[in-house]
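S.K.: got a structure for you, letters missing:
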Ligand SMILES: Nc1nc2c(ncn2[C@@H]2O[C@H](COP(=O)(O)OP(=O)(O)O)[C@@H](O)[C@H]2O)c(=O)[nH]1
Ligand SMILES: [Mg+2]
């Protein structure tokens, strides 16, 4: 696949701060390739799952292969295992059980306030003898959890503007570059044209990582030499996207500079420079949060929101050992749309956030069941 990649002359010269270069980019141009449906292996599953959104019965959710795949990825988490252990012994609904449930939610990173709220509500309802058994309480818990996530289940609509500019931000290692690769694959699978901007100019490896995703999905990557000015790389990419009528431009950014304020200043500068070409750009600022970071995620959202403004979240690494509860804490604290979640490292593992599928994946399938 690499043989139809060609490179233009690179400029190693650092670009002056606010002045975007005219034609200094190193660009890897991939030959146009028909969108490859196979590169988004879960698209069909997801469509099936989304058709089912709104169905109440847990058994109906389980019937969908899309839903099953959420469960496969989420059920290994400590949070899901804790809930499963708690419910599968068909417990008596007493204070001790509710205390254990509360502990389980807190341990799963739901956050103390959210967990306490939730359990106090269930406690009142237990007091009113609303639940015949633990199964009924589990169903109520499921509905409550879905209800809390429903307001943030707002998918990204990247069709309103062209090029639609997505700026990916977040601290180091959360999965920004990987998520850009997955998004590029998704958009290509939908038949859209994409350009990527290698705006993490601090590490050569970050540029190479983005270029390798670009190569796999036949997406051009605009880059300059390492140490280049991020704002100028991203400006260049937007100019390229405009001149080619590209539908989506996604810009990577660094996660760590010498100081926190350095990082935030750089993001502000990127916003200013993009604004010279399109006052509405970026149309989406996606903050990537690592699902395993726990309550520190709250702090990260606050900082990025103040510094650059955030319009949507992506929560990654919810597969494996992530606790998952942080999604509830984020929803409660900020109400920012959760656009996507990462359920693995592959191109098809970035899912449009689906509150019901997510909750079903965390909860045991049924009492005494094999969830
Ligand atoms: N298991 C898992 N790993 C992920 C996910 N998203 C990203 N990663 C991994 O996290 C690591 C850091 O990702 P990277 O994109 O380089 O982070 P960045 O520094 O924010 O750009 C890489 O090893 C990725 O493969 C996910 O959803 N699940
Ligand atoms: Mg990166």
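M.R.: Structure's in. What do you need? From a predicted model like this one, the values you see are computed outputs, not experimental measurements. Ligands and ions are numbered 1, 2, ... in the order given.
S.K.: ok, the residue of the stretch 101-250 of the chain found nearest ligand 2 - contacts?
M.R.: Among the residues of the stretch 101-250 of the chain, residue 177 lies closest to ligand 2, at 3.3 Å counting by CB to the ion. The C-beta positions use only the backbone N, C-alpha and C, and glycine is treated the same way. Contacts for residue 177 (CB atoms under 8 Å, 6 or more residues apart in numbering) come out as 200, 206, 209-210, 213, 252.
S.K.: out of everything not next to it in sequence, what's closest to it?
M.R.: residue 209 (5.0 Å; CB to CB, 6 or more residues apart in numbering).
S.K.: and the one you found, how many neighbours does it have?
M.R.: For residue 209, the neighbour count with other CB atoms under 10 Å is 18.
S.K.: Return the set of buried residues in the one helix or strand it maps to.
M.R.: Using DSSP states H and E, residue 209 maps to helix 204-216. By 16 or more other CB atoms under 10 Å, the buried positions in helix 204-216 come out as 206-207, 209-211, 213-216.
S.K.: Give me the distance between the residue nearest to residue 177 and residue 203.
M.R.: 9 Å (CB to CB, to the nearest Å).
S.K.: which SS class is residue 149?
M.R.: Secondary structure, DSSP: H, G, I helix; E, B strand; the rest coil: residue 149 is helix.
S.K.: distance of the spatially closest residue to it that is not a sequence neighbour from residue 180?
M.R.: With sequence-adjacent residues excluded and distances taken as CB to CB, 6+ apart, residue 149 is closest to residue 355, at 3.6 Å. Distance, residue 355 to residue 180, using CB to CB: 24 Å.
S.K.: if you count what's nearby, which of the two comes out ahead?
M.R.: Taking other CB under 10 Å, residue 355 and residue 180 do not tie; residue 180 has more neighbours (31 against 20).
S.K.: what about the stretch 1-150 of the chain, any weak spots by pLDDT?
M.R.: Residue ranges of the stretch 1-150 of the chain with pLDDT under 70: 1-68.
S.K.: residue in it nearest to ligand 1?
M.R.: residue 73 (8.7 Å; CB to the nearest ligand atom).
S.K.: you'd agree that residue is in a helix?
M.R.: Yes: under three-state DSSP, residue 73 sits within a helix.
S.K.: Could you count how many residues lie near residue 90?
M.R.: For residue 90, using other CB under 10 Å, the count is 10.
S.K.: same deal with residue 89?
M.R.: Residues near residue 89, counting by other CB under 10 Å: 12.
S.K.: And the strands in the stretch 1-150 of the chain, which stretches?
M.R.: 6-7, 26-29 (DSSP state E, counting those that start in this stretch).
S.K.: wait, doesn't residue 335 sit right on residue 152?
M.R.: Yes: in this structure, residue 335 is within contact of residue 152 by CB atoms under 8 Å, at 6.3 Å.
S.K.: So for those two, which residue has more residues nearby?
M.R.: residue 152 (21 against 10).
S.K.: separation between that one and residue 341?
M.R.: 11 Å.
S.K.: Identify the contacts common to those two.
M.R.: By CB under 8 Å, 6+ apart, the residues touching both residue 152 and residue 341 are residue 353.
S.K.: what's the closest non-adjacent residue to residue 329?
M.R.: residue 111 (3.7 Å).
S.K.: And the residue of the stretch 251-371 of the chain found nearest ligand 1, its phi and psi?
M.R.: In the stretch 251-371 of the chain, the residue found nearest to ligand 1 is residue 342; the distance is 2.3 Å by CB to the nearest ligand atom. With angles defined as degrees, to the nearest 10, residue 342 sits at phi -100, psi 120.
S.K.: And for it, nearest residue in space, chain neighbours not counted?
M.R.: residue 316 (3.4 Å).
S.K.: How many neighbouring residues does the one you found have?
M.R.: 28.
S.K.: Could you list every helix and strand that the longest helix seen in the chain packs against?
M.R.: Longest helix in the chain, counting residues (DSSP state H): helix 260-277. The contact analysis (3 or more CB pairs under 8 Å, 6 or more residues apart in numbering; DSSP states H and E) places helix 260-277 against strand 164-169, helix 230-243, helix 296-307.
S.K.: Which positions within whatever helix or strand comes next after the second one qualify as buried?
M.R.: Okay, so that is helix 230-243. Next helix or strand after helix 230-243 toward the C-terminus (DSSP H and E): strand 248-251. Neighbour counts over strand 248-251 (16+ other CB under 10 Å) mark 248-251 as buried.
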